[in-house]
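Enquirer: Fold the following and give me the result.
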Amino acid sequence: MNFLLSKMAGDFSKPDKVHTFFPEEIEKKMWPLLVSELFFVGKATADKLHRLGIQTIGELAQADERMIRAHLKMPGQIIQGYAGGGLCAECFI
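Expert: Next comes the predicted model:
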C-alpha cells in the first residue's frame, strides 16, 4: 500500500513539490479525485466505471463489491481495494 500512496502523492504535486499522503488522509485527499486518477485505472476501465455511475475514487471505494466484481472481474476487485486504501485480501490467493 505504501507504493500506491507514494505514487498518488507524487501525482498530486508534480513537478517540483513534495506532498505528504498518509493512510488516514485517504478519504479527504484521494476519494474526491476522478477514478481515472487512480493508479492502474486506464481509459477503458474508467469508461466502464462511468457507465456504472462511478465517477470518483470514493464512489468506487464505497460501491457494492459484487457489482464491481461482476462487471470488472478480478481487476475491479483490486482497484476497489486500492480506492479504499487497502489491498484486496482475496486478490492474491
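
Enquirer: pLDDT below threshold where in the protein?
Expert: Scanning the chain for pLDDT under 70 picks out 1-21, 87-93.

Enquirer: 90 instead?
Expert: In the predicted model of the chain, residues 1-30, 38-40, 82, 84-93 satisfy pLDDT under 90.

Enquirer: could you point out the longest helix in it?
Expert: helix 65-83 (DSSP state H).

Enquirer: In PDB, please show the C-alpha coordinates belonging to that one.
Expert: Taking C-alpha atoms only, helix 65-83 is exported to PDB below (Å, rounded to 0.1, in the frame of the first residue of the first chain):
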ATOM      1  CA  GLU A  65     -18.300  -5.300  -4.200                       C
ATOM      2  CA  ARG A  66     -20.400  -7.800  -6.000                       C
ATOM      3  CA  MET A  67     -21.400  -5.300  -8.700                       C
ATOM      4  CA  ILE A  68     -17.700  -4.300  -9.200                       C
ATOM      5  CA  ARG A  69     -16.700  -8.000  -9.400                       C
ATOM      6  CA  ALA A  70     -19.500  -8.800 -11.900                       C
ATOM      7  CA  HIS A  71     -18.600  -6.000 -14.300                       C
ATOM      8  CA  LEU A  72     -14.800  -5.800 -13.900                       C
ATOM      9  CA  LYS A  73     -13.800  -9.200 -12.600                       C
ATOM     10  CA  MET A  74     -10.600  -9.500 -10.500                       C
ATOM     11  CA  PRO A  75      -9.000  -6.200 -11.800                       C
ATOM     12  CA  GLY A  76     -12.100  -4.400 -10.500                       C
ATOM     13  CA  GLN A  77     -11.800  -6.000  -7.100                       C
ATOM     14  CA  ILE A  78      -8.100  -5.000  -7.000                       C
ATOM     15  CA  ILE A  79      -8.700  -1.300  -7.900                       C
ATOM     16  CA  GLN A  80     -11.600  -1.200  -5.500                       C
ATOM     17  CA  GLY A  81      -9.200  -2.300  -2.800                       C
ATOM     18  CA  TYR A  82      -6.800   0.500  -3.800                       C
ATOM     19  CA  ALA A  83      -9.600   3.000  -3.800                       C
END
